[in-house]
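**Student:** fold the following and give me the result.
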Amino acid sequence: MKKKGNKLDIVIRNMYRRLDGYFGDLKWWPARSRFEVIIGAILTQNTSWKNVEKAIKELRSRKLLTLKGMRIADRKSIQKAIRCTGYFRQKTERLRGICEFLVSECGYDLKKGGLIDTDIFREKLLSLNGIGPETADSILLYAFNRPVFVVDAYTMRVFERHGLIGGKTQYSDVQDMVHSALGRDVQAFNQFHALIVEVGKRFCIKKACKCGECPIKSLSL
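**Tutor:** Down below sits the predicted model:
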């Protein structure tokens, strides 16, 4: 991580260090393969991770948790497996779309994704139906170890409540802040995103925040 910077950089780095000390290594993203990460990134849209875990387990039991298996599967089989995540018809089409994209870019060897320039890779992902910045960056960071920070609703909430951003701050602006503060550090981005999710779930709750108990309560601009 970077050691120097402006006040904003310092606050973000202090958030990282304090949360890292409080929660420890969260070992995120929990998955057995690159492909599982990619599938999880799409399934987690508008649902809880608990539901994603159920769907992943069901996909695995149906032999659909491989690129080849999912690509040749019929829609109904996928829909039944992921129904618990909601919007299962839309997500089925998104899963089929990402499979076609991966085969066109990497064949059936996802390691070949390492040969694609990060900015180009991100642009191509964003061109796919149903893939927004958060999903694209989750795929890049967690499946392909690219140095891009994932900004989610928890990040926005925590940063806004600590005075780092305003209510209309854009995704890219928040991402740039973290990139500036932590440098292009894949492991730091991986851990910091997981830490922000934890503090958002446990303390920086949407309607009933527990500021007095929060490990970063004293950190703000």
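**Student:** where does the record place the domain boundaries for the protein?
**Tutor:** 7-27+149-213, 34-144 (automatic domain parsing).
**Student:** which element follows the top helix by length along the chain toward the C-terminus?
**Tutor:** Taking DSSP state H as the criterion, the chain has its longest helix at helix 88-106. Counting by DSSP states H and E, the next helix or strand C-terminal to helix 88-106 is helix 118-126.
**Student:** the next helix or strand after that next one - contacts with which helices or strands?
**Tutor:** Toward the C-terminal end, the helix or strand that comes next after helix 118-126 (DSSP H and E) is helix 133-138. Judged by 3 or more CB pairs under 8 Å, 6 or more residues apart in numbering; DSSP states H and E, helix 133-138 is in contact with helix 34-43, helix 118-126, helix 171-182. From N, CA and C alone the C-beta is placed, and that goes for glycine too.
**Student:** could I get the domains of the chain as JSON lines with distance to residue 221?
**Tutor:** Formatted as JSON lines, those follow (distance: least, CB to CB, whole Å):
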{"stretch": "domain 7-27+149-213", "distance to residue 221": "4"}
{"stretch": "domain 34-144", "distance to residue 221": "24"}
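**Student:** tell me what the longest helix of the chain is packed against?
**Tutor:** helix 34-43, helix 67-72, helix 75-82, helix 118-126.
**Student:** quick check: which of those is nearest to residue 97?
**Tutor:** helix 34-43 (9.2 Å; CB to CB).
**Student:** which one of the domains of the chain lies closest to residue 220?
**Tutor:** Distance to residue 220, taken as CB to CB, is lowest for domain 7-27+149-213 among those, at 4.3 Å.
**Student:** nearest residue to the residue nearest to the spatial centre of the chain other than its sequence neighbours?
**Tutor:** The C-alpha lying nearest the average C-alpha coordinate of the chain belongs to residue 138 (CA atoms, centre = their mean; 3.4 Å). Spatially, and ignoring its direct neighbours in sequence, residue 138 is nearest to residue 41 (4.1 Å; CB to CB, 6 or more residues apart in numbering).
**Student:** based on its surroundings, how many neighbours for the one you found?
**Tutor:** Residue 41: 26 surrounding residues under other CB atoms under 10 Å.
**Student:** check the one 10 residues further on too.
**Tutor:** The number of residues packed near residue 51 is 17, by other CB under 10 Å.
**Student:** ok, it touching residue 81?
**Tutor:** No: Residue 51 is beyond contact range of residue 81, at 11.9 Å (criterion: CB atoms under 8 Å).
**Student:** and the pLDDT for the residue lying closest to residue 213 once chain neighbours are set aside?
**Tutor:** Closest residue to residue 213 apart from its sequence neighbours, by CB to CB, 6+ apart: residue 203 at 6.0 Å. Listed pLDDT for residue 203 reads 96.
**Student:** OK, contacts around residue 203?
**Tutor:** Going by CB atoms under 8 Å, 6 or more residues apart in numbering, residue 203 touches 209-211, 213-215.
**Student:** buried subset of those residues as a PyMOL selection?
**Tutor:** To isolate the buried members of the contacts of residue 203 in PyMOL, using 16 or more other CB atoms under 10 Å:
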select buried, resi 214+215
